[in-house]
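**Q** just coords:
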């Protein structure tokens, strides 16, 4: 699987949300959809379509609040 180097925001809940993809690290696999070695066309393509874990995560901002996904869930418990 190909991997990304990213920049993003770290939230108080611990989640990291990507704000910018800096570059892709190619895995050179013919079975990875994102690789430059993937066949095109690829008949009945069942190749991997997801990126692997980020190769590097550069935190550009730290926010004390919950991320947009956690906020609705945890906000209910504070009432």
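**A** Perfect, I can see it now. Predicted, not measured: the structure shown is a model, and the values here were computed from it.
**Q** Which residue ranges of the chain form strands?
**A** Applying DSSP state E to the chain gives strands spanning 3-11, 16-25, 56-63.
**Q** got the angle between the longest one and strand 3-11?
**A** Here strand 16-25 points in a direction 160 degrees away from that of strand 3-11 (axes from the mean of the first three to the mean of the last three CA atoms, to 10 degrees).
**Q** just to revisit the earlier point, with mean neighbour count and mean pLDDT added, can I get the strands of the chain in CSV?
**A** (Glycine included, C-beta is placed from N, CA and C.) Formatted as CSV, the strands of the chain follow (neighbours: other CB atoms under 10 Å; pLDDT from 0 to 100):
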stretch, mean neighbour count, mean pLDDT
strand 3-11, 17, 97
strand 16-25, 13, 97
strand 56-63, 12, 97
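**Q** Output these as CSV; include the columns distance to residue 71.
**A** Formatted as CSV, these follow (distance: least, CB to CB, whole Å):
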stretch, distance to residue 71
strand 3-11, 9
strand 16-25, 12
strand 56-63, 11
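**Q** Compare those strands and report which one is nearest to residue 39.
**A** Closest to residue 39 of the strands of the chain, according to CB to CB: strand 16-25, at 18.2 Å.
**Q** The strands of the chain: which one's closest to residue 74?
**A** strand 3-11 (11.0 Å).
**Q** residues in contact with that closest one?
**A** Residues outside strand 3-11 that contact it (CB atoms under 8 Å, 6 or more residues apart in numbering) are 16-25, 27, 51-63, 65-67, 70.
**Q** That's all I had, so thanks and see you.
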